[in-house]
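Participant: Need a 3D model of the following:
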Amino acid sequence: MNKFIVSVVVTLIAFAALSSPAQASEGQPVIQVQRIDVHGNPALYVEMVERVIARQNQVAPELKTRVLRADFAGEEAGLVYVLVEFPNLEAMAEALVALEQDEEWRSLVQNVVEKTGRKIISRMLLTDISPWETNP
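Facilitator: Okay, the predicted model is just below:
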């Protein structure tokens with residue numbers, strides 16, 4: 001993630017917080033989802049990204065990350081989804097800035113890009129709007 005992307009994300013987060021003060025003040029968790037083409041080699045991608053996540057856990061331990069593969073998904077089959085859960089929008093902004101400023105994390109991300117050739121197809125930010133409690 002480069003500085004431009006971080007600045008765009010922080011701007012979007014600020015906009016979302018201003019446009020939805022009730023949700024922002026509640027501090028609801030948000031989930032960043034990246035849909036990734038790993039060129040048919042999810043094992044290599046997972047092996048490489050494991051180091052990135054280990055460093056991420058040192059820099060921003062409050063984050064929860066999962067890597068999922070789409071199996072029965074038509075044209076989407078084989079794509080990888082990386083889900084990063086942040087405690088809330090403010091924590092997301094802080095974590096993204098901290099990660100971008102961490103040289104080791106940036107170097108590990110660049111290594112994943114170079115070794116796997118992964119391509120981020122899309123990014124989205126999800127917020128849980130279910131009115132009921134979910135199981136942990």
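
Participant: Now Ala54: which helix or strand?
Facilitator: Following DSSP states H and E, one finds Ala54 within helix 42-59.

Participant: Tell me the strands beside the helix or strand following that helix, with direction?
Facilitator: Next in sequence after helix 42-59, counting helices and strands by DSSP H and E, comes strand 64-69. Here strand 64-69 is paired, per DSSP bridges, with strand 80-86 (antiparallel).

Participant: ok, residues contacting the partner strand?
Facilitator: 29-38, 42, 45-46, 49, 62-70, 92, 95, 118 (CB atoms under 8 Å, 6 or more residues apart in numbering). Yep, even glycine has a C-beta here, placed from its N, CA and C like the rest.

Participant: again, only this time at 6 Å
Facilitator: Contacting residues not belonging to strand 80-86 are listed as 29-36, 38, 42, 63-69, 92 [CB atoms under 6 Å, 6 or more residues apart in numbering].

Participant: Which members of those are classed as buried?
Facilitator: Val30, Ile31, Gln32, Gln34, Arg35, Ile36, Val38, Pro42, Leu63, Val67, Arg69, Met92 (16 or more other CB atoms under 10 Å).

Participant: tell me the contacts of Glu94?
Facilitator: No contacts exist for Glu94 under CB under 6 Å, 6+ apart.

Participant: Against Gly74, how distant is it?
Facilitator: Going from Glu94 to Gly74 by CB to CB, to the nearest Å gives 38 Å.

Participant: Going by residue numbers, what spans are helices in the chain?
Facilitator: Here the chain has its helices, by DSSP state H, at 3-19, 21-26, 42-59, 89-101, 103-116.
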